[in-house]
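*Asks:* A structural model of the following input is requested.
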Amino acid sequence: MTFDLIIENGSVVDGTGAPGRRADVGIAGRAITAIGDLGAASAARRLDARGCVVSPGFVDIHNHSDLVLLADGRAESMIRQGVTTQVTGNCGLTPAPVHDRVRTDIQKTMIGPSYGSWKWNTFGEFLGELRGASKATHVAALVGHGAIRAAAMGFENRRPTAGELDDMRRLTDEAMEAGAVGMSTGLVYPPGLYSETEELIELSRVVARHGGYYASHMRGEAGPVVESVQEVLRIAREAEISVQISHHKAAGRANWGKVRTTYALISDAARTRDVSFDIYPYTAGSANLSQLLPPWAHVGGPDAMLARLRDPALRPRIARDVVEGTPDWNNFFRFEWQDIRLAYVHAQRSRWMQGLSVHDAAARAGRDPVECLLDLILEDDNRTTMVNFVMADEDVDFLLPKPESMIGSDGRAFTPGGPTGEGHPHPRSYGAFARVFARYVREKGLLTLEAAVHKMTGKPARKLRLGRRGELREGWAADVTVFDPSTIRDRATFEEPHQFADGVHWVIVDGHLTLDRGALSDRLVGTVLTPAA
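*Replies:* Numbers count the residues shown, from 1 in each chain. Okay, the predicted model is just below:
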């Protein structure tokens, strides 16, 4: 047999968690066709992986590249750290389903810039746009509960009527039929934060009938983090659905250490149900700056929120609540302005603030920090994003090695110099996966290399029901990452985020050599992946 490609002399870490073994990997077309001693075999090209690990391509289980791939499919920040599949649609924030009455509001809830015109209404039509776009990585997409709720009843803070709940069930069913891998919620974002548990159970039952999973940015990651985990586990039980807790953390100094209590709940539930969580290897998160505004300010959607910021009678109340909180604000925690860094500022006249903390930006402008924040949200039409330092290293060290964890960047694909290369983003978009090997495998010794690979490959692929992906096996898809375990590391920092990871030598997507010793192929072969039957 003649192979298109043979990767030889490497240590094959197959994604199952099993120890690495010396073997060659032969690829023909889009599939792995042989694993073993292929020294005598014929191949169009051989890659000498001596000293390297040959693993499945990494699966980013928590990603926000929903729109950026339509603007620039090169996805360099992901490919260059070994990611071959991005799971989009997290945190309840998806561009579909949508219709004209809520289109503008939905656009303003998406994290980061809104690229291009939206030519779709249904989730299936959005997936069609993604399929037609040239992209370096595969995409598996969740449908967002926020978009479903908005399409059915706008951004209202109330229970749905019976008819509206039926509409939400229908929209959920349509999205799952179209190829969604599950449904996500963002219960700190409007309109998801206005939903009750019973509504989420009803929609999760629809998802479960299709074999999908429920991924939740929980109702609170601060004070009520324990109660929020309990809510997710209740949904798992009552809807009989697989669940994924998104970017699990305890936010705010007063809540550090609570992850030991939440993990005990997760571990106990995982004995009888498919319960897991994702985590990124940093102590800072990132979101729209308007997440710092109280829930009541968001009722009615982004335009209504912006109108309240312009209202001289309401703005002082918003400013007070940003600092002091409100009784119904599940995700409120006290923070220092120095810990809120501006990641993306759209308005040209204020773009000098990118990369600065709100404290420093306000000081340079001679402004009060909270007034500076409110002005930015207004000036930017709710497009400003932040990096917020809210977590403890000890909590990340505790959670990341647990068997129920997977690795998710919670970032999106960037290509410097292109339309997606703007801003001062969280470095996780460039370095999350490489950082796990550098910091948690090599430096801290909290994970074996094989366990780390499993969390990035076989484990998420099984959650997604991708079928014949996520492991290196004969007859399975040839999504492969080859990296040097002694040099792989993240280079992106909070000060200089647009820096590619080191140590990833080759990345193969569906049998195509997409990254070749630093050179990115012009041919982009990523596909939209849907669950196996």
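*Asks:* Beyond the helix or strand bottoming out on mean pLDDT in the chain, next helix or strand please.
*Replies:* Among the helical and strand segments of the chain, the one scoring lowest on mean pLDDT, DSSP states H and E is helix 103-109, with a mean of 90. Using DSSP states H and E, the next helix or strand after helix 103-109 towards the C-terminus is helix 123-132.
*Asks:* buried residues in that following helix?
*Replies:* Judged by neighbour count using 16 or more other C-beta atoms under 10 Å, the buried positions of helix 123-132 are 123-124, 126-130. In this view, the C-beta of every residue, glycine as well, is placed from N, C-alpha and C.
*Asks:* Asp395 reaches Trp256, doesn't it?
*Replies:* Yes. Using C-beta atoms under 8 Å, Asp395 is in contact with Trp256, at 6.0 Å.
*Asks:* So the two - more neighbours on which side?
*Replies:* Asp395 (23 against 16; other C-beta atoms under 10 Å).
*Asks:* That one sits in which helix or strand?
*Replies:* helix 393-399.
*Asks:* model confidence over that helix, on average?
*Replies:* Averaged over helix 393-399, pLDDT sits at 98.
*Asks:* Same check on stretch 72-90?
*Replies:* 98.
*Asks:* rewinding a little: buried set for the least confident helix or strand of the chain?
*Replies:* 105-109.
*Asks:* just for this protein, where's the confidence low?
*Replies:* Scanning the chain for pLDDT under 70 picks out 112-114, 533.
*Asks:* can you do 90?
*Replies:* Where the chain drops to pLDDT under 90, the residues are 1, 108-117, 287, 328-335, 346-347, 383, 418-420, 422, 532-533.
*Asks:* And it, what are its domain boundaries?
*Replies:* Domain assignment for the chain, taken from automatic domain parsing, gives 2-56+477-520, 58-283+392-464, 289-389.
*Asks:* And these: which comes nearest Val528?
*Replies:* domain 58-283+392-464 (4.8 Å; C-beta to C-beta).
*Asks:* roughly how far out does the closest one sit from the chain middle?
*Replies:* On the basis of C-alpha atoms, centre = their mean, to the nearest Å, domain 58-283+392-464 is displaced by 5 Å from the centre of the chain it belongs to.
*Asks:* Pull up the distance across it, start to finish.
*Replies:* End-to-end distance for domain 58-283+392-464, by C-alpha to C-alpha, to the nearest Å: 13 Å.
*Asks:* just checking, what's the longest helix in this structure?
*Replies:* helix 162-178 (DSSP state H).
*Asks:* what residues does that one touch?
*Replies:* 96-97, 122-124, 127, 143, 148-149, 151-153, 160, 183, 199, 202-203, 206-207, 209-210, 212 (C-beta atoms under 8 Å, 6 or more residues apart in numbering).
*Asks:* buried ones in it?
*Replies:* Those would be 164-165, 167-169, 171-172, 174-176, 178, for helix 162-178 by 16+ other C-beta under 10 Å.
*Asks:* Next, the contact list for the closest residue to Arg364 other than its chain neighbours, please.
*Replies:* The shortest distance from Arg364 to any non-neighbouring residue, by C-beta to C-beta, 6 or more residues apart in numbering, is to Leu356 (7.5 Å). Leu356 is in contact with 341-342, 364, counting by C-beta under 8 Å, 6+ apart.
*Asks:* rerun at 10 Å
*Replies:* Going by C-beta atoms under 10 Å, 6 or more residues apart in numbering, Leu356 touches 340-342, 345, 362-365, 424.
*Asks:* Then Thr514?
*Replies:* 57, 74-75, 79, 84, 136-137, 479-480, 506-508, 520-521, 523-526 are the contacts of Thr514 under C-beta under 10 Å, 6+ apart.
*Asks:* Could you list which of the residues you listed belong to helices?
*Replies:* Ile79.
*Asks:* Filter the contacts of Thr514 down to the buried ones.
*Replies:* 57, 74-75, 79, 84, 136-137, 479-480, 506-508, 520-521, 524-526.
*Asks:* how about the helices in the stretch 201-350 of the chain?
*Replies:* For the stretch 201-350 of the chain, the helices defined by DSSP state H, counting those that start in this stretch occupy 225-239, 259-269, 295-298, 302-310, 315-324.
*Asks:* what comes up buried for the first one?
*Replies:* The neighbour-count criterion (16+ other C-beta under 10 Å) identifies 225-226, 228-229, 231-233, 235-236, 239 as the buried residues of helix 225-239.
*Asks:* out of the residues you listed, who's nearest Arg473?
*Replies:* Closest to Arg473, out of all of these and judged by C-beta to C-beta, is Ala236, at 29.7 Å.
*Asks:* And Thr161, how far from Ala147?
*Replies:* Separation of Thr161 from Ala147 (C-beta to C-beta, to the nearest Å) stands at 19 Å.
*Asks:* Those two: which is more packed in?
*Replies:* Shown here are Thr161 and Ala147; by other C-beta under 10 Å, Ala147 has more neighbours (29 against 11).
*Asks:* That one against Phe123, yeah?
*Replies:* Yes. Between Ala147 and Phe123 there is a contact at 8.1 Å, judged by C-beta atoms under 10 Å.
*Asks:* which residues are common contacts for these two?
*Replies:* Common neighbours of Ala147 and Phe123 (C-beta under 10 Å, 6+ apart) are 89, 94-98, 171, 175.
*Asks:* I'd like those written out as CSV, with distance to Arg317 added.
*Replies:* Formatted as CSV, those follow (distance: C-beta to C-beta, whole Å):
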residue, distance to Arg317
Gly89, 34
Thr94, 31
Pro95, 32
Ala96, 34
Pro97, 34
Val98, 31
Leu171, 35
Ala175, 37
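*Asks:* Let me have those in JSON lines, extended by secondary structure.
*Replies:* JSON lines is the format used below for those (DSSP: H, G, I helix; E, B strand; the rest coil):
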{"residue": "Gly89", "secondary structure": "coil"}
{"residue": "Thr94", "secondary structure": "coil"}
{"residue": "Pro95", "secondary structure": "coil"}
{"residue": "Ala96", "secondary structure": "coil"}
{"residue": "Pro97", "secondary structure": "coil"}
{"residue": "Val98", "secondary structure": "coil"}
{"residue": "Leu171", "secondary structure": "helix"}
{"residue": "Ala175", "secondary structure": "helix"}
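*Asks:* The stretch 251-400 of the chain: strands as residue ranges?
*Replies:* Secondary structure of the stretch 251-400 of the chain (DSSP state E, counting those that start in this stretch): strands at 275-279, 284-288, 340-344, 385-389.
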